[in-house]
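**Q** model this:
(one chain, ligands or ions: 1)
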Amino acid sequence: MTTILDTIKAYKLEEVAARKAARPLSAVEEAALAAPAPRGFARALSEAAQQGYGLIAEIKKASPSKGLIRADFDPPQLARAYEAGGATCLSVLTDGPSFQGDDAYLTAAHQAVKLPCIRKDFLYDTYQVAEARALHADAILIIMASVSDAQAAELEAAAFAHGMDVLIEVHDREELDRAVLLKSPLIGINNRNLHSFEVTLETTKALARHVPEGRMIVSESGLFTPEDLAEMARYGARCFLIGESLMRQADVTAATKAILANPLRGGA
Ligand SMILES: O=C(O)c1ccccc1NCC(=O)[C@H](O)[C@H](O)COP(=O)(O)O
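**A** Below you'll find the model as predicted:
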């Protein structure tokens with residue numbers, strides 16, 4: 001059965017081929033070298049998690065599972081709202097066809113704030129890694145469900161060569177076992193099954209205990225309340241990737257502060 005991930009991969013490979021034809025890698029590499037120095041995505045999360053929670057707040061206009069999430073969509077303004085609310089890092093969707101994202105949103109959000117930013121997209125080719133850096137990304141995402149071990153290692157090495165960090169995303173035990181063969185300390189456990197769209201926080205609960213010492217867990221997707229974060233923290237996750245629940249709020253700064261409030265301590 002063809003799933004959304006298969007569909008996305010098919011059009012991404014076509015997109016990359018077209019982009020390579022339009023703009024040679026040498027030009028992208030040149031732009032990457034001219035980009036501002038990487039901001040230290042993993043370091044920021046590690047420092048935040050030592051004092052409380054690390055939050056990767058996502059700038060997400062729409063998604064395949066939910067359709068349009070936020071009509072009033074201004075990436076620099078949203079980036080500033082997240083920063084004021086206490087976000088540690090930003091995730092900016094650059095995929096157009098499925099998420100109504102855009103490369104320009106990443107650069108504009110990055111320029112609006114001091115926070116490290118991850119390019120949230122579906123990467124298969126090191127050309128896209130160079131593109132990410134040229135767009136000012138400080139980190140990239142590798143989705144284990146969508147790449148081979150060899151591809152993952154190649155993408156990770158390219159990101160490190162550009163000075164970027166890598167968030168390795170997994171959804172089941174097999175993907176986690178493959179992910180820990182890579183070097184990145186950041187392991188994202190996606191509570192969303194990217195084939196079926198089913199979301200359950202049980203995914204983080206089940207996988208967290210199998211993440212080796214020294215790796216940092218980022219619980220991703222389907223997080224709506226401070227109680228959700230506290231529950232994930234009980235299973236060892238101190239970092240979170242949150243999109244929809246914050247994007248649906250009129251006051252994004254207040255919503256960010258509210259979700260970061262630790263219910264166990266009775267305040268932020
Ligand atoms: O969000 C989707 O519908 C989706 C569908 C297919 C592939 C990826 C998808 N989302 C990427 C993400 O994992 C989320 O944007 C991210 O973790 C934030 O999730 P949420 O807080 O639930 O918006």
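
**Q** check whether stretch 222-234 contacts the ligand.
**A** Yes. Using Cβ under 6 Å from any ligand atom, a contact is recorded between stretch 222-234 and the ligand, made by G222, L223. C-beta here means a position set from N, CA and C on the backbone, and glycine is covered the same way.

**Q** now do that stretch, average pLDDT.
**A** Stretch 222-234 carries an average pLDDT of 98.

**Q** gap between it and the chain center?
**A** 18 Å (Cα atoms, centre = their mean, to the nearest Å).

**Q** what about the longest helix in the protein?
**A** helix 4-22 (DSSP state H).

**Q** what about that one, average pLDDT?
**A** 97.

**Q** now stretch 158-168
**A** Here the average pLDDT along stretch 158-168 is 98.

**Q** what about that stretch, how long is it end to end?
**A** End-to-end distance of stretch 158-168 (Cα to Cα, to the nearest Å): 14 Å.

**Q** ok, back up a step: can you list contacts of the longest helix of the chain?
**A** 64, 95, 97-98, 121-122, 124-125, 127-128, 131, 143, 145-146, 194-195, 197 (Cβ atoms under 8 Å, 6 or more residues apart in numbering).

**Q** out of those residues, which touch the ligand?
**A** Applying Cβ under 6 Å from any ligand atom to the contacts of helix 4-22, one finds that P64, L194, F197 fall near the ligand.

**Q** most neighbours among the residues you listed, please name it.
**A** L194 (20 neighbours; other Cβ atoms under 10 Å).

**Q** nearest residue to that residue other than its sequence neighbours?
**A** Excluding the flanking residues, the one nearest L194 by Cβ to Cβ, 6 or more residues apart in numbering is L5, at 4.9 Å.

**Q** secondary structure class for the closest residue to D172 other than its chain neighbours?
**A** Closest residue to D172 apart from its sequence neighbours, by Cβ to Cβ, 6+ apart: L207 at 7.5 Å. Classification of L207 by DSSP: H, G, I helix; E, B strand; the rest coil places it in helix.

**Q** got a pLDDT number for L207?
**A** 98.

**Q** give the buried residues for stretch 110-117.
**A** With burial defined by 16 or more other Cβ atoms under 10 Å, the residues of stretch 110-117 counted as buried are H110, A112, V113, L115, P116, C117.

**Q** off-centre distance for it?
**A** Once both centres are worked out by Cα atoms, centre = their mean, stretch 110-117 turns out to sit 14 Å from its chain's centre.

**Q** same check on stretch 150-169?
**A** Distance, centroid of stretch 150-169 to centroid of chain: 13 Å (Cα atoms, centre = their mean).
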